[in-house]
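Novice: all I have is the shape, not the residue letters:
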């Protein structure tokens, strides 16, 4: 089955702690994206990657970091610098940057203790 | 930047028809997407419009008018399972081509 997986489904973070959200896809897509969704808000772009070993900041990159060492994987680290990390995080992929459709993973809900 | 506007919430009756509007202000328009998102789940693709007119796909149709900066999603024969958030997203040709999302419209279908 082709698709995008995210883990864990729920994640708890303590103050001052870095946490990493996993995103894997087996669709052979070149482009991958991370979005943040808050209640009553649209999806806001954190980072995106068009190709392995390359990534670009989105609209709200501060306090986050990413890596793209493999085509299938695009993990997102929420650092202690992100002061308001509680949100629903969605990973997506598309065949190319200008591809029509983005396919989304099931999401990770991050909560701060 | 882009300004995308959708109603926050709508309610409708099972079996009825509902129209969800989306207006946008942008330069270099390069397509408009509609996604459906059930609570706590991933958005799923519904439609993509890049030319003016109506695209029909089963119970769902999407309309675009580029000159008016306007789109709507039309849902016919509403079912309870259509209760969800509907996201409008606009892509522009300048920069990354990555769509910008509106805040979404929460649709509640009641019996």
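Specialist: That came through fine. Just so you know, these numbers come straight off a predicted model, no measurement behind them.
Novice: quick check on residue A:16: phi, psi?
Specialist: Note on residue A:16: its backbone torsions stand at phi 80, psi 10 [degrees, to the nearest 10].
Novice: nearest spatial neighbour of it, skipping sequence neighbours?
Specialist: residue A:80 (4.8 Å; Cβ to Cβ, 6 or more residues apart in numbering or on different chains). Just so you know, the C-beta spots here come from the backbone N, C-alpha and C atoms, and that holds for glycine as well.
Novice: that neighbour and residue A:89, how far apart?
Specialist: Residue A:80 sits 16 Å away from residue A:89, going by Cβ to Cβ, to the nearest Å.
Novice: those two: which is more packed in?
Specialist: residue A:89 (22 against 14; other Cβ atoms under 10 Å in any protein chain shown).
Novice: for that one, give the beta-bridge partners.
Specialist: residue A:36, residue A:108 (DSSP bridges).
Novice: show me what contacts it?
Specialist: By Cβ atoms under 8 Å, 6 or more residues apart in numbering or on different chains, the contact list for residue A:89 reads A:6, A:21, A:34-37, A:46, A:76, A:107-110.
Novice: what's near enough to touch the residue most central in space within chain A?
Specialist: The residue lying closest to the centre of chain A (Cα atoms, centre = their mean) is residue A:34, at 3.0 Å. Contact analysis of residue A:34 by Cβ under 8 Å, 6+ apart lists A:23, A:45-48, A:58, A:64, A:66, A:74, A:76, A:89-92.
Novice: switch the cut-off to 10 Å
Specialist: The neighbours of residue A:34, taking Cβ atoms under 10 Å, 6 or more residues apart in numbering or on different chains as the test, are A:21, A:23, A:43-49, A:55, A:58, A:60-61, A:64, A:66, A:74-76, A:89-92, A:105.
Novice: show the buried residues in the residues you listed.
Specialist: Buried members of the contacts of residue A:34, scored by 16 or more other Cβ atoms under 10 Å in any protein chain shown, are A:21, A:23, A:43-49, A:55, A:58, A:61, A:64, A:66, A:74-76, A:89-92, A:105.
Novice: about what we covered before: among the contacts of residue A:34, which lie within strands?
Specialist: Counting by DSSP state E, the contacts of residue A:34 place A:21, A:23, A:43-49, A:55, A:64, A:66, A:76, A:89-92 in strands.
Novice: is it true that residue A:54 touches residue A:69?
Specialist: No - using Cβ atoms under 10 Å, residue A:54 is not in contact with residue A:69, being 11.0 Å away.
Novice: and residue A:45, how far from chain B?
Specialist: From residue A:45 over to chain B the distance is 6 Å, taken as Cβ to the nearest Cβ, to the nearest Å.
Novice: good, wrapping up.
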